[in-house]
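Colleague: what's the 3D shape of this:
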Amino acid sequence: MNEYIEAKAKVFKALGHPSRLVIVEALCSGELCVCDIVPLVGRDISTVSKHLSLLKEAGILKDSKRGTNVYYSLLMDCVPGFLNCLSEFLGKRLEKQVKDYASNSIKKL
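Modeller: Below is the predicted model of the structure:
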């Protein structure tokens, strides 16, 4: 496997955890302090910091220190577009499943 594919896999792996996805989706709206991210994730600060570190290592996030606070923002600016594409795809698939279910239910009557 070449390094380019492995780098892509690292990004998808970083995005593949629900807590990290919550973080990234929140950051699509703009920069946040760790103190704002912790309640969104619903985990302790140590766990959230590990998730942030992994996302930063994958090149998805960047951070900046101001005073005693650390702020995170998206470094990979294509992530919001990808997440929007994914949401649209999943929405269409759910819509099809609902239509298929309704159609099958009517046939059974």
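Colleague: Please count neighbours and contacts with C-alpha atoms only from this point.
Modeller: OK.
Colleague: tell me which strands and helices the helix or strand that residue 99 is a member of is in contact with?
Modeller: Using DSSP states H and E, residue 99 sits in helix 79-108. Contacting helix 79-108 under the criterion 3 or more CA pairs under 8 Å, 6 or more residues apart in numbering; DSSP states H and E is no other helix or strand.
Colleague: Quick one: mean pLDDT over it.
Modeller: For helix 79-108, mean pLDDT is 92.
Colleague: So for it, what gets flagged as buried?
Modeller: For helix 79-108, the neighbour count (16 or more other CA atoms under 10 Å) marks 79-80 as buried.
Colleague: which residues in the chain form helices?
Modeller: With helices called from DSSP state H, the chain shows them at 3-15, 18-27, 34-41, 45-57, 79-108.
Colleague: how about those helices, which one is nearest residue 70?
Modeller: helix 34-41 (6.1 Å; CA to CA).
Colleague: between the closest one and helix 18-27, how many degrees?
Modeller: 120 degrees (axes from the mean of the first three to the mean of the last three CA atoms, to 10 degrees).
Colleague: about what we covered before: for the helices of the chain, give me a markdown table that also has distance to residue 70.
Modeller: Formatted as a markdown table, the helices of the chain follow (distance: least, CA to CA, whole Å):
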| stretch | distance to residue 70 |
| --- | --- |
| helix 3-15 | 20 |
| helix 18-27 | 14 |
| helix 34-41 | 6 |
| helix 45-57 | 10 |
| helix 79-108 | 21 |
